[in-house]
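S.K.: Give me coordinates for this.
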Amino acid sequence: MVGLSDIALIHLAITNGDVSGGWTLNVEQVRIRLTRTMYPFFAILLLARVAKLTRIKHA
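M.R.: Numbers count the residues shown, from 1 in each chain. This next block holds a predicted model:
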């Protein structure tokens, strides 16, 4: 899912020229909003599954 959302974000950046937007409720802006949200969401899920929790003394 991370790879697919990464490809979707890259495609959006190339076709639109930027990834800013997503603030209104028309079809194009909702597509930008969902694409911008997918990559960080799935990347954080992957990191949570892969990374080990560590303790830092005196933190």
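
S.K.: got a list of what the spatially most central residue of the chain touches?
M.R.: Closest residue to the average C-alpha location of the chain: Y39 at 2.1 Å, with Cα atoms, centre = their mean. Contacts for Y39 (Cβ atoms under 8 Å, 6 or more residues apart in numbering) come out as 2, 5-6, 8-9. Where C-beta positions appear, they are placed from N, C-alpha and C, glycine not excepted.

S.K.: Could you measure from G22 over to K57?
M.R.: Between G22 and K57 the computed distance is 42 Å (Cβ to Cβ, to the nearest Å).

S.K.: Likewise for L25?
M.R.: 49 Å.

S.K.: And for A8?
M.R.: Taking Cβ to Cβ, one finds A8 at 42 Å from K57.

S.K.: who has more neighbours, the two?
M.R.: More crowded of A8 and K57, by other Cβ atoms under 10 Å: A8, with 16 against 4.

S.K.: As TSV, the contacts of Y39 with secondary structure and pLDDT would be great.
M.R.: Listed next are those as TSV, based on DSSP: H, G, I helix; E, B strand; the rest coil; pLDDT from 0 to 100:
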residue	secondary structure	pLDDT
V2	helix	93
S5	helix	94
D6	helix	93
A8	helix	92
L9	helix	92
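
S.K.: any chance of the residues you listed in JSON lines, plus distance to R33?
M.R.: What follows is the contacts of Y39, written out as JSON lines (distance: Cβ to Cβ, whole Å):
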{"residue": "V2", "distance to R33": "18"}
{"residue": "S5", "distance to R33": "13"}
{"residue": "D6", "distance to R33": "17"}
{"residue": "A8", "distance to R33": "12"}
{"residue": "L9", "distance to R33": "12"}
